[in-house]
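*Asks:* Output the structure for:
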Amino acid sequence: MPTRPNQTAKNEPGEFDRFTDFMRRLVAVPHSEIKAKLDAEKLLKEQKRTSMTSASGRASRAKG
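*Replies:* Numbering: from 1, shown residues only. This next block holds a predicted model:
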């Protein structure tokens, strides 16, 4: 009965191959897309910070 040859280590995806694949996908994303997402996130954080600051300011004035 014929037997199948064992797979060699070359055929198994290793850590380096996963890293290389990840880096290829990362570099394929256009800079403008990344920049737009970062700007949107920054704006959202700024809006949250200003709304929390104004809300806490109103609460402290109401106590006084």
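*Asks:* packing partners for the lowest-mean-pLDDT helix or strand in the chain?
*Replies:* For the chain, using mean pLDDT, DSSP states H and E, the weakest element among its helices and strands is helix 31-63, scoring a mean of 83. Packing contacts for helix 31-63, counted by 3 or more Cβ pairs under 8 Å, 6 or more residues apart in numbering; DSSP states H and E, involve no helix or strand. Heads up, the C-betas are built off the backbone N, CA and C, glycines and all.
*Asks:* burial of E33, as a residue count?
*Replies:* Counted by other Cβ atoms under 10 Å, the residues lying close to E33 total 9.
*Asks:* brain fart, T50
*Replies:* For T50, the tally of surrounding residues (other Cβ under 10 Å) stands at 10.
*Asks:* From K37, how far off is it?
*Replies:* For T50, the distance to K37 equals 21 Å [Cβ to Cβ, to the nearest Å].
*Asks:* ditto for D21
*Replies:* To K37, D21 is 22 Å away according to Cβ to Cβ.
*Asks:* again, but for F16
*Replies:* 28 Å.
*Asks:* When those two are compared, which one has more neighbours?
*Replies:* Looking at F16 and K37 with other Cβ under 10 Å, you find the greater number of neighbours at K37, namely 11 against 8.
*Asks:* mind listing what's buried in stretch 23-40?
*Replies:* The neighbour-count check on stretch 23-40 (16 or more other Cβ atoms under 10 Å) flags nothing as buried.
*Asks:* And it, end to end?
*Replies:* For stretch 23-40, the first-to-last residue distance is 24 Å (Cα to Cα, to the nearest Å).
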